[in-house]
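Enquirer: sequence plus predicted model, see below.
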Amino acid sequence: MRLLGALVVLAVLAGGGWWLTSRGAAASPPSGADPQADNASATKTAAVERKTLSVTDDFSGTLGFAGDYDVIGGLPGMLTWTVPTGTVVTAGKRLCETNGHDRTSLMYGSRPAWRTMEPGITNGPDILQLEKNLKALGITRRGDKIDSHWDTRTTAAVKRWQRKAGLPVNGSVGLGEVVFMPEAIRITEISAALGTMVGQGGPVISGTSNRRVISLDLDAADRDLFEIGKAVEVELPDGTTVPGKIATIARIATTTTDQQGNTTTTLPVTMTLDDPTAAGDLDQASVKITVVRSSRENVLTVPVNALLALREGGYAVEVVDGASNAAATPSGSPATSSASASAAAGTRRTHLVRVEPGLFDHGDVEITATGLEPGDLVVVPS
């Protein structure tokens, strides 16, 4: 998207001369700065501006939720109740029920439960996870130790939780009564139908986290555009644009080959929204992600079509003598009459200023030049 790749080189007119403009008028070289007058074909002007230009790239991503979780059945019997799909289940809440009374609840932890937790068991990380959850739920009391050891205070805390949750109060947690997951889960699928028999080890419920993410399979060639924490803009399906950030970039690339034998190497990337609620209830929705490739702040700019290709090489702009931006005719709209067009540039003297083009951005171009200031008027083609 750089300027020199986007501009069309202008043809050299017969008869020569130092330089030629896109309007076909021969003039003196910029070094002489000789004025030209009554240029009737120059009907519009635009002001030189100082602003920020950015070159961006767009990518297609998918808005959804992070993570995939399966709730494995631990209480065998007939499935009599499950939490509805779309529900976000947090620590201490029920997930499913078998036999009309055996309930499985969610608690947070990285280690799965593997035994009944009750008085007399050996120390273990499962006890520590349970006690951390009871504390977070406000069940433990002052003086209760949060550790991997089961004591009488642990039994008392479990009973208080069972009573509050409407569970059988026995002071122990049977295998399958608690499922440890790293975080709250959002239910996406019920794997077993109500009224069917479920056994230990079989999937009952599937879900994701409740964390909004945008997923993108990034072509490895564009890896240099992405870095963790970098800001992005996300266009939602309704056209709304919201800010976000790059959250993760995989280190291991995935290579795929299509039926034609073309090989593509990609890196999974995830992004987050600054305001997760901005996406509403959208799930698995296609979104457009805009990433800034390069940016230049506080630079002089003119419309790209104000540039004149010089025969000897390089570019110039045609500057209206003694004009201010108050006289500019918008370069994107036609002149209202020949009189107004003449007032803008046709009856004024102009001179040429050599410029060095820089970054190109949506019809504007950065320029470096001597003798140009913001507000100066340059001629653009009609």
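Expert: Right, received. Where do you want to start? Residues are numbered from 1 along each chain as shown.
Enquirer: so where do the strands sit in the stretch 151-300 of the chain?
Expert: For the stretch 151-300 of the chain, strands defined by DSSP state E, counting those that start in this stretch occupy the ranges 178-181, 185-190, 197-198, 203-209, 212-219, 231-235, 241-249, 254-257, 263-273, 285-303.
Enquirer: between these, which gets the lowest average pLDDT?
Expert: Between the strands of the stretch 151-300 of the chain, the one with the least mean pLDDT is strand 254-257; it has a mean of 86.
Enquirer: would you put the C-alpha positions of it in PDB?
Expert: Taking C-alpha atoms only, strand 254-257 is exported to PDB below (Å, rounded to 0.1, in the frame of the first residue of the first chain):
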ATOM      1  CA  THR A 254      -0.100 -25.100  11.500                       C
ATOM      2  CA  THR A 255       0.500 -26.100   7.900                       C
ATOM      3  CA  THR A 256      -2.400 -27.200   5.700                       C
ATOM      4  CA  THR A 257      -2.500 -28.300   2.000                       C
END
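Enquirer: so who does the closest residue in space to residue 300 that isn't next to it in sequence touch?
Expert: Distances taken as Cβ to Cβ, 6 or more residues apart in numbering put residue 367 closest to residue 300, at 5.2 Å, once the chain neighbours are dropped. Bear in mind the C-beta positions are built from the backbone N, C-alpha and C, glycine included. Shown in contact with residue 367 (Cβ atoms under 8 Å, 6 or more residues apart in numbering): 48, 299, 300, 301, 302, 317, 355, 356, 357, 358.
Enquirer: next, the buried residues of stretch 112-132.
Expert: By neighbour count with 16 or more other Cβ atoms under 10 Å, stretch 112-132 contains the buried residues 113, 117, 124, 126, 127, 128, 129, 130, 131, 132.
Enquirer: how much space between the second one and residue 158?
Expert: Between residue 117 and residue 158 the computed distance is 8 Å (Cβ to Cβ, to the nearest Å).
Enquirer: shared neighbours, these two?
Expert: Counting by Cβ under 8 Å, 6+ apart, the shared contacts of residue 117 and residue 158 are 130, 172, 173.
Enquirer: wait, the last one sits on residue 119?
Expert: This means residue 173. No: taking Cβ atoms under 8 Å as the definition, residue 173 is not a contact partner of residue 119, at 11.2 Å.
Enquirer: turn the shared contacts of residue 117 and residue 158 into CSV, columns for pLDDT and distance to residue 89.
Expert: Shown next, in CSV, are those (pLDDT from 0 to 100; distance: Cβ to Cβ, whole Å):
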residue, pLDDT, distance to residue 89
130, 98, 17
172, 97, 23
173, 97, 17
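Enquirer: closest to residue 254 out of the residues you listed?
Expert: Among the shared contacts of residue 117 and residue 158, residue 130 lies closest to residue 254 (Cβ to Cβ), at 38.3 Å.
Enquirer: and that closest one, how far from residue 155?
Expert: Residue 130 sits 11 Å away from residue 155, going by Cβ to Cβ.
Enquirer: buried stuff in the helix ranked longest in the chain?
Expert: Secondary structure of the chain read by DSSP state H shows that its longest helix is helix 152-165. For helix 152-165, a neighbour-count test (16+ other Cβ under 10 Å) marks 154, 155, 157, 158, 159, 160, 161, 162 as buried.
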